[in-house]
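**Student:** this one's structure only:
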């Protein structure tokens, strides 16, 4: 039976459309939808168990995968099968998860999976910009409890004009690359990178995106209505006890307020809060705790949050005693690690990052192999967050999604400040050694100093700051340089990076509805003041990039050669280049310039003499003598009819110096004029039309002997004269040359 298909189309206004379709695929999922733009197609499904899990949080999994078949390609590797998600897929999962998670009911704890798959690829469509729309549409078609439809769009700006969901080609020339997630009435998530834009320009980009999102949310509602929107399922809600909540609040609030008002360090503060919690629990009997101990803990944390927020709104004070605009004490250091190519330490309060920089050739570039994108990164940043940084001991299970996301944010903050002419592949690694507050922003600051310490000529230094917002509807407070505790209790946390001239990257999670753009711009301006303060601390430590890379760091020089010479430079089976690398202690990489077709030679070495030796070899290969110029040569081989000489300034370039060009006088033996190892000058005449070989002459730069008369040129038809024979072919003894022929043997019948 042919399935009934329901379809809704969204017009993007420039000839492009996005379609939402359901009823054809994955009908056993609780909700499924196919989202298509151009030839790009995403299949999204949602399934949520009907039984609540025995946990106090939502076990939500958002999974995004790109199938290689979607682009007509095979997966790399031995097994030819899609394996662990790439960093790009992980980043898309995080973008979707951060918008969806807050919209599920707080007491909904059923195992829930949202799975998004790219089934067809289009070179002109970036699939990650459609993933949030697909996830929300699938949920709207299910009976899973969810507050309101959302969507996500990417915003670019080309020549001052904003554009929704730009293509890869458009994004390459855009000065903004932002993904915004929102419902019809509230912006909820912002993440992206920019080319030093202002706070007002960023707000304008968010407004532009929100208008497009409103249309996409309406399309989801229309599709769900046409399909037949299911009633939201019933589930076992968490029990509540208002009397108990009031009792815990009364026992907790004043004590927490007093501790919060007294400035203290993280561990001291945590210990004091824990002591209050134990006192509250002690006011209940064992039977009462056994019955509703989980509610006591829940209401304690609620009262704790309220007290800390009220302290900030009432008195403008924070947990560590700072005012809302204060930045924690900062100290920095560069060149801390003696053997690395660049290093720095950035410490702000109880957050510390140690950054290292490693320089390499294009061979060390980070290769990206995804169905939707193939390429490489010559600048990339890795972020590590070990458990000891927060005083914890927990299992190490590889790189987490959080580490991938935080590293990507820091990379985007810095990458536009790496000059295009930088010849190196640059890898920055941030080791977070302490964390209480934004370690990703500490990574940006440490990365900036490490890059300058390594001698990378950054366009401008970059700093970053994490901000928070607390609001009760009537009052609000913007917090600069938030603590880890403030990250959890605030209504918005956002991270902003930039130079002295503008924003380079941002990441926002907005937890309250209807945040005004006025408050948003004010928060961004306060963040700018904090960024500039931190930037001043960085430049006090290292004002500008070191002029040169460190003595032990490799120096890289690039040269171009014609493609026709690459084979000769490499040698048979790579023999020549391998020997050269071994002799000079260098690394030599050869690539082809796709625009010119020339070969690009990268020479990397720590010893200047080794690099110079490779350059001399290259210059020798590229050497082309000019007609009329005089060159110094050395005899390297003796022949009966001349000498083979090598250009002194271009070793390996040889030419025959004919015996007739040695001297003006007649030369019987080559050794009468030159010998092996002799060094002298010759004049270059180019290609001799008679011999079709290069011609050089020693005699051309010598003075002519007095009375010298040149022999007339020989006629081309004239045979060389044999002095032992006369004109009739007889030798000087009167014998005919025919008499020298061997007698013919008698014929045998």
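**Tutor:** Noted; the coordinates are in hand. Bear in mind that the values here come from a model prediction, so they are computed numbers and not experimental data.
**Student:** The strand or helix carrying residue 426 pairs with which strands, and in what direction?
**Tutor:** Using DSSP states H and E, residue 426 sits in strand 425-434. Here strand 425-434 has these sheet partners by DSSP bridges: strand 351-360 (antiparallel), strand 379-384 (parallel).
**Student:** Tell me which of those strands is the most buried.
**Tutor:** With neighbours defined by mean count of other Cβ atoms under 10 Å, none of the strands paired with strand 425-434 is more surrounded on average than strand 351-360, at a mean of 24. All C-beta atoms are positioned from the backbone trio N, CA, C, and that covers glycine.
**Student:** Residue 696: which of the strands paired with strand 425-434 is closest?
**Tutor:** With Cβ to Cβ as the criterion, residue 696 lies closest to strand 351-360 of those, at 43.3 Å.
**Student:** Pull the distance from that closest one to the chain's centre.
**Tutor:** Chain-centre distance of strand 351-360: 15 Å, with Cα atoms, centre = their mean, to the nearest Å.
**Student:** again with stretch 563-583
**Tutor:** Using Cα atoms, centre = their mean, the distance between the centre of stretch 563-583 and that of its chain works out at 31 Å.
**Student:** Return the set of buried residues in that stretch.
**Tutor:** When neighbours are counted by 16 or more other Cβ atoms under 10 Å, the buried residues of stretch 563-583 are found to be 566, 569, 570, 577, 580, 581.
**Student:** same thing with stretch 478-491?
**Tutor:** Applying a neighbour-count criterion of 16+ other Cβ under 10 Å, one finds 478-487, 489-491 buried in stretch 478-491.
**Student:** any chance you could map the helices in this protein?
**Tutor:** Counting by DSSP state H, the segments of the chain that form helices are 87-100, 128-140, 168-172, 199-227, 242-261, 266-282, 286-315, 401-415, 439-453, 484-489, 517-541, 563-570, 575-584, 608-622.
**Student:** got those helices as a markdown table, with mean pLDDT and distance to residue 185 columns?
**Tutor:** Formatted as a markdown table, the entries for the helices of the chain read as follows, by pLDDT from 0 to 100; distance: least, Cβ to Cβ, whole Å:
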| stretch | mean pLDDT | distance to residue 185 |
| --- | --- | --- |
| helix 87-100 | 96 | 14 |
| helix 128-140 | 97 | 14 |
| helix 168-172 | 93 | 28 |
| helix 199-227 | 96 | 9 |
| helix 242-261 | 93 | 29 |
| helix 266-282 | 91 | 35 |
| helix 286-315 | 92 | 23 |
| helix 401-415 | 96 | 27 |
| helix 439-453 | 97 | 29 |
| helix 484-489 | 85 | 24 |
| helix 517-541 | 94 | 13 |
| helix 563-570 | 83 | 60 |
| helix 575-584 | 89 | 63 |
| helix 608-622 | 85 | 62 |
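**Student:** Tell me which of the ones you listed is the most buried.
**Tutor:** By mean neighbour count, with neighbours taken as mean count of other Cβ under 10 Å, helix 439-453 ranks first of the helices of the chain at a mean of 30.
**Student:** Among the buried residues of stretch 563-583, which one sits closest to residue 685?
**Tutor:** Distance to residue 685 across those (Cβ to Cβ) is lowest for residue 569, with 27.8 Å.
**Student:** So the closest one sits against residue 590, correct?
**Tutor:** Yes. At 7.5 Å, residue 569 counts as touching residue 590 under the criterion of Cβ atoms under 8 Å.
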